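**Q** could you look at this predicted model? Sequence included:
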Amino acid sequence: MKKISIISNSNLGTFFSYLKFFKNDKIKFSIISTKKNKQKIKNIEFNLLKNNDNDKFNDEAFKIIKKFKPNKIILFYTKKISRKIYNNYRTYNIHNSLLPNYKGLDAIRKSFKDKNKFICSSSHLVNEEFDSGKIINQIVTPVKYRNIQFFKNTSFYHRIILLNSIIVSNSNRAFSIINNETIISPGFKKKNLNYKFWK
C-alpha cells in the first residue's frame, strides 16, 4: 500500500476535496497538522502538533514520518520545513503560480493584480529556498472572468489536480511549460473535473 505523509497548517480544504473527486482506498495517509480535525476517515491517521516553535514542530513531525515510512510527503505548510525531512523523503509543495514567477505568499492576488491572461499553478520538490525546488508539474487555465474569485476558484481546482498527479505518479518524469510538456485544462466544473495530460 502506498503511503503519503501530509504536513499542514491549513484547514486542508484541497485535500478533502481531492478525496471526494479521486476515491482511492489503496493509499494510506498520515496527516501532521497544527489544526485539529474531527473527521474520521478510513486509511487516514491524524497527528495534531500544537507547537509554535517551528524547529520543535519539525523535530516532532520527523519522528512521526520516520515511524510511518511514507513514499512521499506533500506540504500544505507555509513555514520552513526541516532539511532532514526533505533530504530523507521526496517532499512536494503546490504553489499557485507558474514558477519561478510569484514565489512566496499571495501569488494568486499578485497574478490577478498584474492582469495575467492565464491562471497558473505548479508542483515542485522542496529544498532550502521557498518555491525554488525542481518543478514537477504545471497547469494553466485561460482567464475567462476578470475577478479575484474566479482566480481563487480556478487555483483551488489546480491544487486538487496537482495533488492527484503527485499522489498517483510513480515516476520522476516532469510535465511542465518550461520543458515544453504541459498539463493544461481549459476550465473546471465542480461536479465534473476535466483534465488531460499532454506529453
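**A** Happy to help now that I have it.

**Q** most centrally placed residue in the protein?
**A** Ile94 (3.4 Å; Cα atoms, centre = their mean).

**Q** now do the SS call for that one.
**A** Under the three-state scheme (DSSP: H, G, I helix; E, B strand; the rest coil), Ile94 adopts strand.

**Q** for it, give me the pLDDT.
**A** Turning to Ile94, the model gives it a pLDDT of 96.

**Q** oh, and call the first residue 39 from now on, that's how I've got it
**A** Sure, I'll start counting at 39 from here, so that last one is Ile132.

**Q** would you mark the buried spots in stretch 120-132?
**A** Across stretch 120-132, burial judged by 16 or more other Cβ atoms under 10 Å covers 120, 123-124, 127, 129-132. C-betas here are computed from N, CA, C, even on glycine.

**Q** please apply the same query to stretch 105-124.
**A** Residues of stretch 105-124 classed as buried: 106, 108, 110-115, 119-120, 123-124 (neighbour count, 16+ other Cβ under 10 Å).

**Q** how's the protein carved up into domains?
**A** Per automatic domain parsing, the domain ranges recorded for the chain read 39-127, 131-237.

**Q** picking that back up, out of the buried residues of stretch 120-132, the closest to Asn191 would be?
**A** Of all the buried residues of stretch 120-132, Ile132 has the smallest distance to Asn191: 15.7 Å, by Cβ to Cβ.

**Q** quick check: that closest one touching Ser159?
**A** Yes. Between Ile132 and Ser159 a contact is recorded at 6.6 Å, counting by Cβ atoms under 8 Å.

**Q** ok, the residue lying closest to Ser170 once chain neighbours are set aside - contacts?
**A** Once flanking residues are discounted, Ser170 sits nearest to Lys141: 6.9 Å by Cβ to Cβ, 6 or more residues apart in numbering. Lys141 makes contact with 133, 135, 168-170 under the criterion Cβ atoms under 8 Å, 6 or more residues apart in numbering.

**Q** ok, of the residues you listed, which come out buried?
**A** Here, 16+ other Cβ under 10 Å leaves 133, 135, 169 buried among these.

**Q** can you classify the last one by secondary structure?
**A** Assigned with three-state DSSP, Asp169 falls in the coil class.

**Q** among the buried residues of stretch 120-132, which one sits closest to Ser207?
**A** Using Cβ to Cβ, the buried residues of stretch 120-132 come closest to Ser207 at Tyr130, 9.7 Å.

**Q** gap between the closest one and Lys182?
**A** Applying Cβ to Cβ, to the nearest Å, the value for Tyr130 to Lys182 is 29 Å.

**Q** do the same with Lys61
**A** Applying Cβ to Cβ to Lys61 and Lys182 gives a distance of 29 Å.

**Q** more neighbours, these two?
**A** Taking other Cβ atoms under 10 Å, Lys61 and Lys182 do not tie; Lys182 has more neighbours (11 against 7).

**Q** got any ranges where the protein has weak pLDDT?
**A** Residue ranges of the chain with pLDDT under 70: 208-237.
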